[in-house]
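K.L.:
Quick one: sequence plus predicted model below, questions after.
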Number of protein chains: 2
Amino acid sequence: MVRDMISLTPEIDRQSRVPLYQQLYGYIRKQIEDGILKEEERIPSVRQMSSYLQVSKNTVETAYRQLLAEGYIHSRLRSRLCVFPIETLASSAVGRRQIPEGLTEETKVRTAVPAAHDVIDFEYGDVEKDKFPLKRWKQCLTDALNDHLEEVVGYGDRQGHKGLRTEIAKYLYQSRGVLCSAEQVFLGAGTQQMISLLCQLLGLSGRVAMEDPGYNGVRTVFANHGYEIVPVPLDPDGLSAEHLRMSGSRLAYVTPSHQFPIGMVMPVRLRTRLLQWAYENNAYLIEDDYDSEFRYQGQPIPALKAMDTGDKVIYLGTFSKSFLPGARLSYAVLPESLEAEFKKGQQVYSQSVSPLIQTATYLFMSRGYFEAHIRRMRKLYQNRHRTLIRAISEYLGDRVGVIGEKSGMHLLLDVHGRDSDELLEAAFSHGVKVYSPRIQWMNPEECPPTYVMLGFAGLTEERILSGVARLRQAWFGESSSI
Amino acid sequence: MVRDMISLTPEIDRQSRVPLYQQLYGYIRKQIEDGILKEEERIPSVRQMSSYLQVSKNTVETAYRQLLAEGYIHSRLRSRLCVFPIETLASSAVGRRQIPEGLTEETKVRTAVPAAHDVIDFEYGDVEKDKFPLKRWKQCLTDALNDHLEEVVGYGDRQGHKGLRTEIAKYLYQSRGVLCSAEQVFLGAGTQQMISLLCQLLGLSGRVAMEDPGYNGVRTVFANHGYEIVPVPLDPDGLSAEHLRMSGSRLAYVTPSHQFPIGMVMPVRLRTRLLQWAYENNAYLIEDDYDSEFRYQGQPIPALKAMDTGDKVIYLGTFSKSFLPGARLSYAVLPESLEAEFKKGQQVYSQSVSPLIQTATYLFMSRGYFEAHIRRMRKLYQNRHRTLIRAISEYLGDRVGVIGEKSGMHLLLDVHGRDSDELLEAAFSHGVKVYSPRIQWMNPEECPPTYVMLGFAGLTEERILSGVARLRQAWFGESSSI
C-alpha cells in the first residue's frame, strides 16, 4: 500500500545550496536506513510526490533514479516503486565480522566460502558460472548429437542454423522491438568476427566513426582491415551528434543501449538524430547491443534498429553476455539493402560457429530455457549490481564517483585525485584485481588517470562486498572487518 | 609368401609401342583378375622384379603405383606389396543385379539400403558420418562440461586451449615430422578464419602468389583483405617454381601434400626449390596441409614445414577432414620469427572456437581416440578410394581420365570431349550430383570444360558403385544393372 503522505514528509529547503533532488534523495534514503520506510512498502509516484512537494517531476525522477541505482528502491510491475528488502549494510562497515544478512539467498548460503588469500577478480566479461543451467545445456547438446547427428557433424549452413536464426528473430522482436526475418540474421563466432566479415564482404566506406572512448576490440578489427578510424567524442548522452556530422564518415559504430565503457544509455532524441544523420548522408550505423538484456533502471529503450525506418542500421548481438561466452556465438541483423550483398559474399565462406553449438542453442531457445535463464540472470545481476553500488557508497563514500551504473555488467569508478596505476597495484596487493579502462580510449593517455573499471557479473554478492572492503583498505588504509 | 618367380613371368615386348610399365601393369592385373595371383599373395619387390625383367626400377615402380592406385594391390607393413582381396567387379558390369561381393564388410552389410530415387551426392567436404565415434565424442563433451566447467563456460585462452595445442604439436611431430612447441600453435575456427587472422595481425606483403587453379575459399579471403593475387600456373609436380620466382611476391600459399584441386603430391626436389625461394627472397610460404592424413600411395612425404630450416613456413592444419567438419577447428603453426607479432596482435582478439569444443577435442586426443579414428578412417577412405577408381575404370573406361588419385578425399574426372555443364545436368537427372571444379581457377573460363570433381569420403562403397554406374548411364547411355 502507498504510505500516507503525512508520514513521508521530506524537509525540502529551497534556500539550500544542496540541489532539491539531492535533499529528496537523502531524506528517503534516511527513512529507509532508519527503518521508517519498511521493506516492500510503496513509494509515492513521481506525480504524487511532485505535486505534494511542489517541485518539478524532473527533480523527483532524478532523486528516484539515484535511489534505484543505489538499490534502495526497486521498480515493480513497471510503475510501482517499492523499498528494497534492506538490512544493516551500514553496520557491517563498523566492526562486526559478519556478512550483511538477508540481502539475498545467495549471500547467506555462501558465508563460509572466502579463503583469505584468494584474489577477488572484478574482470569485465565474466558471467555467473555456478548458476549456469548445466543440466539443460547438457541435455540440449546430447539431443543435438543424438537427434541431429547429420546436421552437427558437417560444416552446417553458411549463414547459420535456420531454426536458430528464426528463434533469434523472434527474441529480438519481443525483447528489443527489432522486426526482422531469419533471412536477415547471420551467425558468427563473436562480435569481432562479425565486424571482420562486414569489412570483408560489404563494400562499406573505408572510414568509420567510433565513440571515443569506445570498444577497443572492435576498433582494432577495423584498423586491421585498413579502415581509417574517426574518433567521435562523447556528450553526456552518448556520441556527439555534432561531431559525427563533421566526421565526413558514412559509417559509424555505436553502443546506444549501454555505451562502452562509460555506460550512458542513449536517449531517444539522440537516437533519432543519429538515424537522421544516416538517412541524410546515405550512411550506415552499426549498433552493438552487447548487453542490453541487463538494464536495471526504467524501461528498456527499444534498439536503434527498431526505430530504423530507413533501413540503415546493422544490428549486432551476442550470446556472450546473456548466456555463455564459451558458446562463441553472435549474430548480425542486416538491413534489407545489404542482405543480398552479404549473403553472396558469404557463399564462399564456411560458417565458423560449430553446428553442434548452434543446434544445441536452437534447442535451448526453442524450449524456453533461454528466456528463463535471462530472467534469472537479470535478477541475479541486479542484486549484484545493487550490492556493488551500496558497497561502494558505504565503504568508499564520496571519495569515489560512480560512472555508468544504470545497466550492464560493469561500471567505472572515478577515484578522486588518485592514479589508476597506483590504485591497481594497491588493490592487487590486497587481493583484488581491478582494471584500467585506458585501452578503450583511442589515445589511452586521454583516459582520466583516476578511472578504474569493475566488472561484477562473475562475483557473488559476498565476494563483491569483500572486494570493495579490500579496496577501502587498499586505497584509503581503512579496515573493514568484513 | 613371395610367389615363385617362375610362375610370374611377364611377357615383356621391348619392340612394342606400348610402354614397358604398361605391359607389366597389364600382365599383373590380368593375373589378378584371372585368379592366378590370389588374394593377399605377395608381389615381388621392385628390386626383385626389375632385376628379373632387366628393366629399370622406375618402370616397375610406375606399374606398381598404377596397380596400387587402381586398388589391385595394396602395401602392407610399408614394403610388402600384396594382392587385394578381389572379386568379380567386372562381372557386375555385365548384367547381374548384384553388389560385387567381398570388397569390404561395409559393402556387404549395406546391400539393401539404396532407394531408387535418392540422390547420390559426390560432394567434396563430406566425411563419413555413420562411423563417427559418437559415443566417445559425447563422453568427451560430457567430461568437459562436468570436470572443466569453469574452463568451457568462459571465453577461453585467446591463443587456444594449452593442452590441445600441446597435443597438436605432438601429433604434428609424429605424423608430419613438424617440430614445434605449443607456443607456436594458434587455434582458429577454420582455415579461412586463420587466413583472415594472418592478414589482420601480421605485416605480410600485400601480394600473395597462389597456385592456379587453387583453393578458391582462401583466394577470396586474401582478395577481401585487399591482397593482390598473383596466379602461379602448375607444372606436373605442382606450383611452377619458375613462375613463382618471377611473381615478385614475398608470400605464397601452397598445398604441397595434395594440390587442391588437381591433386598432385609435390616431390621433395620441388619443395626444396620453394624453400630456397623463400630464403633468398625473405618470403613466407603458407603451407595448407588440409588432408594429408589420407594418402594412399607410398610413404607420406614430410610436411614442407618439417623441412623448413630457415623458419619461413606458416603451417595450416584442420580437423575438418581428419575428424569433424562440425568442430570448426583448425590451427596455424607459426615460424618463430612471426610468433611474437601474431601473439601480440591476438591479445586484443577473442578466441573464436568454443572452449567446449576445444576441451572436448583435447580429451579426445589425449585419450588416443583421435589417432584411432584417423587409422580407421584412413582404411575406410582407402577402400572407398579404391572402389571409386575401380568403378571408374570398369564403368567409364578410357572415355574418362582420372586426375589426382593418389590421396585425399576427391579426384577429378576428365570426360573426354564433353562439357561439364551438360555432364552435371545429365548426372543430376540420373540421381547423381557431381561438381565442376571451375571456381578453383582464378579465371574460371580457363578450367577445362571436360573436368568434373568427385568427393567420395561421405559415400559408402556401395553408393559409390551405384553412383558411377548411374554416371555411365547418364553420360554414355549404357546401363549397368547395379
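P.N.:
Cool, the structure landed.
K.L.:
Spit out the contact partners of whatever residue of the stretch 251-400 of chain A ends up closest to chain B.
P.N.:
Across the stretch 251-400 of chain A, no residue is closer to chain B than A:Ser352, which sits at 3.7 Å (Cβ to the nearest Cβ). C-beta here means a position set from N, CA and C on the backbone, and glycine is covered the same way. Shown in contact with A:Ser352 (Cβ atoms under 8 Å, 6 or more residues apart in numbering or on different chains): A:188-189, A:193, B:189-190, B:192-193, B:328, B:352.
K.L.:
Surely A:Ile43 and A:Ala63 touch.
P.N.:
No - judged on Cβ atoms under 8 Å, A:Ile43 makes no contact with A:Ala63 at a distance of 10.2 Å.
K.L.:
confidence score at the residue nearest the centre of chain A?
P.N.:
The residue lying closest to the centre of chain A (Cα atoms, centre = their mean) is A:Gly408, at 1.5 Å. pLDDT recorded at A:Gly408 is 89.
K.L.:
what's the spacing between it and chain B?
P.N.:
From A:Gly408 across to chain B, the span is 17 Å (Cβ to the nearest Cβ, to the nearest Å).
K.L.:
Am I right that that residue is in contact with A:Gln259?
P.N.:
No - in this structure A:Gly408 lies outside contact range of A:Gln259 using Cβ under 8 Å: 9.4 Å.
K.L.:
Does A:Lys129 lie in a helix or a strand, and which?
P.N.:
Using DSSP states H and E, A:Lys129 maps to neither a helix nor a strand.
K.L.:
One more: A:Tyr290?
P.N.:
Applying DSSP H and E, one finds A:Tyr290 in no helix or strand.
K.L.:
What are the phi and psi values at it?
P.N.:
Backbone torsions for A:Tyr290, taken as degrees, to the nearest 10, come to phi -70, psi -30.
K.L.:
so what's it scoring on pLDDT?
P.N.:
92.
K.L.:
what about A:Asp288, neighbour count?
P.N.:
26 (other Cβ atoms under 10 Å in any protein chain shown).
K.L.:
That one contacts A:Thr255, doesn't it?
P.N.:
Yes - between A:Asp288 and A:Thr255 there is a contact at 5.0 Å, judged by Cβ under 8 Å.
K.L.:
Now do the shared contacts for the two.
P.N.:
Joint contacts of A:Asp288 and A:Thr255 (Cβ under 8 Å, 6+ apart) are A:Tyr215.
K.L.:
Could I get the buried residue list for stretch A:342-356?
P.N.:
By neighbour count on 16 or more other Cβ atoms under 10 Å in any protein chain shown, the buried set for stretch A:342-356 is A:342-343, A:345-346, A:348-356.
K.L.:
cool, stretch A:232-249 as well?
P.N.:
Buried-residue list, stretch A:232-249, by 16+ other Cβ under 10 Å: A:232, A:234, A:237-241, A:243-245, A:247, A:249.
K.L.:
quick check: mean pLDDT across it?
P.N.:
Averaged across stretch A:232-249, pLDDT comes to 95.
K.L.:
So what touches that stretch?
P.N.:
For stretch A:232-249, using Cβ under 8 Å, 6+ apart, the contacting residues are A:205, A:207-213, A:230, A:252, A:254, A:256, A:259, A:262, A:264-267, A:270, A:273-274, A:277, A:283.
K.L.:
what sits against the residue nearest to the centre of chain A?
P.N.:
Here A:Gly408 is in contact with A:258, A:263, A:291, A:294-295 (Cβ under 8 Å, 6+ apart).
K.L.:
6 Å instead?
P.N.:
Residues counted as contacts of A:Gly408 (Cβ atoms under 6 Å, 6 or more residues apart in numbering or on different chains) are A:258, A:291, A:294.
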